[in-house]
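Visitor: Got a sequence here, can you build the structure:
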Amino acid sequence: MFGLHLSSAGLAAVALIFVLAGLVKGVTGMGLPAVAMGLLGAFMPPVAAAALLIIPATVTNVWQLFTGPDVAGVAARLKVMMLGIVMGTLAGSWLLTQANSKWTTAGLGAALAAYALYSLLAHPPAVPRRAERWLSPLVGLITGLVSGATGVFSIPSVPYIQGLGLGKNELIQALGLTFTVCTLALAAGLALGGALHVENATASALAMVPAFAGMWLGTAIRGRIGADTFRRWFLIFLAVLGADLMARPLF
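Guide: Numbering: from 1, shown residues only. Take a look at the predicted model:
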């Protein structure tokens, strides 16, 4: 069930997608799961795309997590949110593995479009420290449900974390921690749903090569392009791609 059987052209397309996804992460510091899920979801069921994403996303996010100075402090502050993510992802992954693929594709498109439009049009609200006690588990649970059902980790976790008033390094670590927990919980959910196989894991491991190549390229060109302009066009692209995926079940 959900085993991947890709032709040579399919493998080439997957490699190119992970190069592009890695390039976006190299330039902006995020976006690999969103780009990979959106483009892979255009020609395969989202559950298969999520299985391909597991290893590249885990490795790149663990690397991001340990680039800053205070892993323990960030983890302690966000531990309740992480618990909510695990619970929500395990519940949401049932939809990804069991629901009709055309509707999970539409859900993936909705998540991508919502993330892109929010990032383009809104500013993260400041989150008072006293509100974290009840907001963190709620945001974690909703993030988990969305990531489990669609493979997209950014809603509402990214706006929430951006509103916590963290320093630059702590923000990068917090995002790395969140995406790592989302990815590992998604892997557990896919395994429980019978969506992880040897061929999936092998293809996912091989996808690390183009993903890291793209990250290296993105990091190399980051200083030569306008990061804000790149990010804006990237989000516009995600919004259009999300709208296309949402409309597919209607035709």
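Visitor: Low-confidence stretches in the protein?
Guide: Scanning the chain for pLDDT under 70 picks out 1-6, 68, 99, 227, 251.
Visitor: most centrally placed residue in it?
Guide: P33 (3.4 Å; C-alpha atoms, centre = their mean).
Visitor: which SS class is P69?
Guide: coil (DSSP: H, G, I helix; E, B strand; the rest coil).
Visitor: now the one helix or strand the residue nearest to the centre of the chain maps to: how far from the chain's centre is it?
Guide: Using DSSP states H and E, P33 sits in helix 32-40. Here helix 32-40 is found 7 Å from its chain centre; the criterion is C-alpha atoms, centre = their mean, to the nearest Å.
Visitor: And the helix or strand following it, what does it pack against?
Guide: Note on helix 32-40: by DSSP H and E, the next helix or strand toward the C-terminus is helix 46-65. Secondary-structure packing of helix 46-65 (3 or more C-beta pairs under 8 Å, 6 or more residues apart in numbering; DSSP states H and E): helix 8-28, helix 32-40, helix 71-98, helix 101-121, helix 168-192, helix 198-206, helix 208-221. Using the backbone N, CA and C atoms, a C-beta is placed for each residue, glycine as well.
Visitor: Direction-wise, compare helix 46-65 with helix 101-121 and give the angle.
Guide: 40 degrees (axes from the mean of the first three to the mean of the last three C-alpha atoms, to 10 degrees).
Visitor: Could you list the buried residues of helix 46-65?
Guide: 46-61, 64-65 (16 or more other C-beta atoms under 10 Å).
Visitor: Output the contacting helices and strands for the helix holding P33.
Guide: Contacts defined by 3+ C-beta pairs under 8 Å, 6+ apart place helix 32-40 against helix 8-28, helix 46-65, helix 101-121, helix 227-247.
Visitor: Look at F153 and tell me its secondary structure.
Guide: coil.
Visitor: which residues make contact with the helix holding P33 from outside it?
Guide: By C-beta atoms under 8 Å, 6 or more residues apart in numbering, the surrounding residues in contact with helix 32-40 are 14, 17-18, 20-22, 24-25, 46, 48-50, 52-53, 56-57, 60, 108-109, 112, 115, 150-154, 179, 183, 211, 215, 234, 238, 241-242, 245.
Visitor: and if you look at stretch 128-141?
Guide: In contact with stretch 128-141 (C-beta under 8 Å, 6+ apart) are residues 77-78, 80-85, 87-88, 127, 156-157, 160, 164.
Visitor: please redo it, this time with the cut-off set to 10 Å
Guide: Residues from elsewhere that reach stretch 128-141 (C-beta atoms under 10 Å, 6 or more residues apart in numbering): 77-89, 91-92, 127, 155-157, 159-161, 163-165, 178, 181-182.
Visitor: Would you show me how to pick out the buried ones of these in ChimeraX?
Guide: Only the buried entries of the contacts of stretch 128-141 go into this ChimeraX selection, using 16+ other C-beta under 10 Å:
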select :77,78,80,81,82,83,84,85,86,87,88,89,92,127,155,156,157,159,160,161,163,164,178,181,182
